[in-house]
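K.L.:
mind looking at a prediction? Sequence and model below.
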Amino acid sequence: AGAITIGATGEYRQESPIPGFLPGSTVNTGTFTNTGTTNINTGVFENARFFTNTGTVRIGEGATFTNTSSGIYHPLPGGTTRIDGSFINNFAVQNGGAITVSTTGVYRQVAGTSPIGTGTGNGGSFTNAGQVYIGKDTSFNNSPGASGQSSAGHYVQQVSGTTRIDGSFDTRGYVTNEGAMTVGATGQYLQAFGDSTGLPSASTSNIGTFTNGGMVRIGEGTSFSNFSNQGLPVAQYVQQTSGTTRIDGTFQNAGARVENAGTMTVGTTGAYVQAFNKFVPVVSTTVNTGTFINAGSTLINGGTFTNQGSLMNSGALQVGVVGPGAVVNHGGVVNSGTFEVAALGHVSGTGSYVQNAAAAQTIVNGTFAHNITLQAGTLTGTGTIQGTVQNYGGLLLPGNNGLGTLTIKGQYAQGFGGTFGVNLAGLNSHGLLAVQGTGVAVKLNGFLTIGLLNGFSPSLGNTFGVLTCTGCTMSGSLLGLSLPTLA
């Protein structure tokens, strides 16, 4: 109940004098200061007040350190704690040193009776090769703070390690996972930018398996990398049906796999980037069987994004801009933003693709082997569409900036609310819709609008081939024609 100090050359050892009998026990209700070595080899060490460590503390296999509902365990910089047995935290751990959970060790945090809650603050390094459990209604805060240590605010999980989060894991530092990290249904993993003191951006590097059944948020200015190392197994981010992930920073998937059965949202400041990983012979893969909402930027520059659920885009979704990327859609895609298939991009599938907003645009400069329903907005590009385009209320404008050839291998059906637009910039410089099909492959109702570019003014008698139908015939009757005023 008073004060115990272990000097720099001193040792406090708790063990059984007779193996198998009378394991030692310590109850600290005062102040315990360790600047030397504390070995808890057997029994229970109960800390009900203050324990400060600048030396070495080891909790042996089979021994237990209990931090009660009034206990504070505080390793300072330079202090090391090795857990080969069990560490139970019911109140507060404030780590400015180095905590290591070995392969036989368990760090278990369970809500105590204190009205101010139960939590761990890691401003140093926390390495887990065993088991870590963050219980419901408790928190683990990983933050560099103001210590200035290069390892400050680092949570490192090794291959053998497992972390289960049923409470809150809040990181403003660095997390590296090579093992298995699981966010339960009541858990949340929150990653936020440091603060105004110049702390570096928070980041998570997942080389192992990250499973989310609760809530994950990647804050603005932070990054989450799902990145396989130079060998197998493949890094995986697995979101269960009950899980939600919000990305306001950057989520990168490279040579790894993302499975989403819940809801994944890319906010207006967020980016979801899938790219090729030259270090591993693995195709980058995203499989969405839940709901994927993009209000920011989604880039598929490598591998395949397979949608078997719902994909809703109100931001910018780009496929194959700087590398060969593919979207395979067997679910439903609704585009109210910009959906661009670049020259190296490929879209295919048997699902539905609907564009429904006036400001929306679909740009096809690669291959779009999929049907398109155009309720509003524009469809442009110089690529190839393999399927049926149904234009009920949008504008089909071949080319980029209105110039070039858009090819449809299939059918083009323009309803009474649809518009076919063509820009003319010269006798041999204009937009062209080239349809290749069989039977009546072009049904042209609705409207035709002609625009002029680059100061071009056609002369009387000039003709322009703006729509061809190879191997097929055309039918329909236009409701209106919009022509430019000639000089």
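P.N.:
Yes, it's here.
K.L.:
give the residue spans of the stretch 101-250 of the chain that score low on pLDDT.
P.N.:
Along the stretch 101-250 of the chain, the parts satisfying pLDDT under 70 run over 145-151, 194-200, 230-232.
K.L.:
ok, longest strand in the chain?
P.N.:
Counting residues, the longest strand in the chain under DSSP state E turns out to be strand 404-414.
K.L.:
in its sheet, which strands sit next to that one, and in what direction?
P.N.:
strand 384-391 (parallel), strand 429-436 (parallel), strand 440-444 (parallel) (DSSP bridges).
K.L.:
for the very next helix or strand once past that strand, give the mean pLDDT please.
P.N.:
Moving toward the C-terminus from strand 404-414, the first helix or strand encountered (DSSP states H and E) is strand 419-426. Across strand 419-426, pLDDT averages out at 96.
K.L.:
okay, buried residues for strand 419-426 please.
P.N.:
Residues of strand 419-426 classed as buried by neighbour count (16 or more other CB atoms under 10 Å): Thr419, Phe420, Gly421, Val422, Asn423, Leu424, Ala425. Where you see a C-beta, it was placed from the backbone N, CA and C, and this is true even at glycine.
K.L.:
now the angle between strand 440-444 and that strand, please.
P.N.:
90 degrees (axes from the mean of the first three to the mean of the last three CA atoms, to 10 degrees).
K.L.:
format the buried residues of strand 419-426 as a markdown table; extra columns: distance to Gly117.
P.N.:
Shown next, in a markdown table, are these (distance: CB to CB, whole Å):
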| residue | distance to Gly117 |
| --- | --- |
| Thr419 | 61 |
| Phe420 | 64 |
| Gly421 | 62 |
| Val422 | 66 |
| Asn423 | 64 |
| Leu424 | 70 |
| Ala425 | 68 |
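K.L.:
how about residues contacting the longest strand of the chain?
P.N.:
364, 371, 379-391, 396, 398-399, 420, 431-437, 441-446, 476 (CB atoms under 8 Å, 6 or more residues apart in numbering).
K.L.:
please redo it, this time with the cut-off set to 6 Å
P.N.:
Under the criterion CB atoms under 6 Å, 6 or more residues apart in numbering, residues 381-382, 384-391, 398, 420, 432-437, 441-446 lie in contact with strand 404-414.
K.L.:
what's the answer for stretch 89-104, then?
P.N.:
61, 67-69, 71-77, 79-84, 107, 109, 112, 114, 118, 120-130, 147, 160.
K.L.:
between the strands paired with strand 404-414, which one is closest to Gln308.
P.N.:
Among these, the nearest to Gln308 by CB to CB is strand 384-391 (18.6 Å).
K.L.:
so for that closest one, what's the average pLDDT?
P.N.:
pLDDT averaged over strand 384-391 gives 98.
K.L.:
dump that strand to CSV, restricted to CA.
P.N.:
In CSV, the C-alpha atoms belonging to strand 384-391 read as follows (Å, rounded to 0.1, in the frame of the first residue of the first chain):
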residue,chain,number,x,y,z
THR,A,384,-16.1,-0.4,-78.6
ILE,A,385,-19.4,-1.4,-77.0
GLN,A,386,-20.3,-5.0,-77.4
GLY,A,387,-24.0,-5.2,-76.5
THR,A,388,-27.2,-3.2,-76.7
VAL,A,389,-27.4,0.5,-75.9
GLN,A,390,-30.9,1.7,-75.0
ASN,A,391,-31.1,5.5,-75.0
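K.L.:
show me what the next helix or strand after that strand is packed against.
P.N.:
With elements assigned by DSSP H and E, the helix or strand that comes after strand 384-391 is strand 395-398. Applying 3 or more CB pairs under 6 Å, 6 or more residues apart in numbering; DSSP states H and E, we find strand 395-398 packed against strand 378-381, strand 419-426, strand 429-436.
K.L.:
okay, now the sheet partners of strand 395-398, with direction.
P.N.:
If you go by DSSP bridges, strand 395-398 pairs up with strand 378-381 (parallel), strand 419-426 (parallel).
K.L.:
just the C-alpha atoms of that strand, please, in PDB.
P.N.:
Extracted in PDB, the C-alpha atoms of strand 395-398 (Å, rounded to 0.1, in the frame of the first residue of the first chain):
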ATOM      1  CA  LEU A 395     -27.300  12.000 -75.200                       C
ATOM      2  CA  LEU A 396     -25.100   9.600 -77.300                       C
ATOM      3  CA  LEU A 397     -22.200  11.800 -78.600                       C
ATOM      4  CA  PRO A 398     -19.600   9.700 -80.500                       C
END
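K.L.:
let me see the mean pLDDT of that strand.
P.N.:
Throughout strand 395-398, pLDDT has a mean value of 98.
K.L.:
now stretch 75-86
P.N.:
97.
K.L.:
kind regards, and thank you for your time.
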